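*Asks:* Need the 3D shape of this:
(one chain, ligands or ions: 1)
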Amino acid sequence: MAGLNSELPPLLVTRGLAFGYDEHGMFRDLDLCLRPGTGLVLCGSNGSGKSTLLRLLAGLLLPDSGSIERAIEHTTGEPVALAWHGHHLGLKTGLSVIENLRWSGGMHERRRRMTPASALETVGLDGFEHVPTRELSAGQRKRVALARLLLSPAPLWLLDEPYANLDPRGAQLVDRLIGHHLRNGGSVVLSVHRPDQAAFEGPRQLLDLDALP
Ligand SMILES: Nc1ncnc2c1ncn2[C@@H]1O[C@H](COP(=O)(O)OP(=O)(O)OP(=O)(O)O)[C@@H](O)[C@H]1O
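*Replies:* So this is what the prediction gives:
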């Protein structure tokens, strides 16, 4: 799409994507192209398929036909990494906040110059390091998951309703994190119920799933 860093090779491309849970089908002939530094905002009503499309892009579901390709990381020869932030945050409620970040950091590579403590400070949870995660509110847990996202070096973020459960300052935090990620050459696909929820700075495409044929 013109103006969306069209000179840079895309991080994610779908061609002729088709998927359905049943014979009626949900998507067909879906062509998407996401270039570095750009966002793709998925909007639509409940049940329109936002989470399903994100799960397809993450490889958690297989398309019925068509393809999904990620750019190849030249140093490893592997597809570029993606970070997933879904409805289920995947936090270990028996662990403290900082233990959760260290645990996930032990499983995945970590972004340089970012530590669990600095990520918690960025999301406004400094002072919560040793609080058991089960004692946090829904919005505070969401912030822990955002701190985990910050620690990830993945260039491609897939975020399912990242503004849910957050107060206005939390929503601004999400916008700041996304804007910063895009300025650093990352890309984001995120789902929202209304396009105006996504107030981050940076180029974006909008895909209204209610408007698909
Ligand atoms: N595992 C499944 N098996 C069968 N149908 C499913 C499954 N998961 C979702 N669906 C159906 O697919 C449709 C799209 O669901 P999806 O969760 O992708 O929508 P959504 O746009 O993310 O909704 P919401 O805004 O409510 O989160 C819904 O009609 C849902 O019932």
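*Asks:* Quick one: residues contacting the residue of the chain positioned farthest from its centre.
*Replies:* Going by CA atoms, centre = their mean, the residue of the chain most distant from its centre is residue 23, 28.9 Å out. Applying CB atoms under 8 Å, 6 or more residues apart in numbering to residue 23 gives no contacts. C-beta coordinates here come from the backbone N, C-alpha and C atoms, glycine included.
*Asks:* One more: residue 96?
*Replies:* Per CB under 8 Å, 6+ apart, neighbours of residue 96: 129, 130, 131, 132, 133.
*Asks:* can you check residue 140 too?
*Replies:* 125, 128.
*Asks:* The longest helix seen in the chain packs against which elements?
*Replies:* Determined from DSSP state H, the single longest helix within the chain is helix 168-183. Applying 3 or more CB pairs under 8 Å, 6 or more residues apart in numbering; DSSP states H and E, we find helix 168-183 packed against helix 138-151, strand 156-159, strand 187-192.
*Asks:* I'd like these laid out as JSON lines, including mean pLDDT and distance to the ligand.
*Replies:* Putting these into JSON lines (pLDDT from 0 to 100; distance: least, CB to the nearest ligand atom, whole Å) gives the following:
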{"stretch": "helix 138-151", "mean pLDDT": "93", "distance to the ligand": "15"}
{"stretch": "strand 156-159", "mean pLDDT": "97", "distance to the ligand": "12"}
{"stretch": "strand 187-192", "mean pLDDT": "97", "distance to the ligand": "6"}
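*Asks:* What about the ligand: which of the contacts of residue 96 touch it?
*Replies:* Among the contacts of residue 96, no residue is within reach of the ligand (CB under 6 Å from any ligand atom).
*Asks:* Could you check how many residues crowd around the closest residue to residue 46 other than its chain neighbours?
*Replies:* Spatial nearest neighbour of residue 46, excluding adjacent residues (CB to CB, 6 or more residues apart in numbering): residue 193 at 7.8 Å. When neighbours are counted by other CB atoms under 10 Å, residue 193 registers 15.
*Asks:* ok so, going back, most neighbours per residue, which of the helices and strands packed on helix 168-183?
*Replies:* strand 187-192 (a mean of 26; mean count of other CB atoms under 10 Å).
*Asks:* got the angle for that strand vs helix 168-183?
*Replies:* 150 degrees (axes from the mean of the first three to the mean of the last three CA atoms, to 10 degrees).
*Asks:* what are the pairing partners of the helix or strand following strand 187-192, and which direction each?
*Replies:* Note on strand 187-192: by DSSP states H and E, the next helix or strand toward the C-terminus is strand 204-208. Counting by DSSP bridges, the strands paired with strand 204-208 are strand 39-43 (parallel).
*Asks:* contacting residues around the strand it pairs with?
*Replies:* 32, 34, 50, 53-54, 178, 182, 187-195, 198, 200, 202-210.
*Asks:* Can I get that strand in PDB, CA atoms only?
*Replies:* Output of strand 39-43 as PDB, limited to C-alpha atoms (Å, rounded to 0.1, in the frame of the first residue of the first chain):
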ATOM      1  CA  GLY A  39       0.700  -1.700  11.700                       C
ATOM      2  CA  LEU A  40      -2.400  -3.600  10.600                       C
ATOM      3  CA  VAL A  41      -5.500  -2.900  12.700                       C
ATOM      4  CA  LEU A  42      -8.100  -5.600  12.600                       C
ATOM      5  CA  CYS A  43     -11.600  -4.400  13.600                       C
END
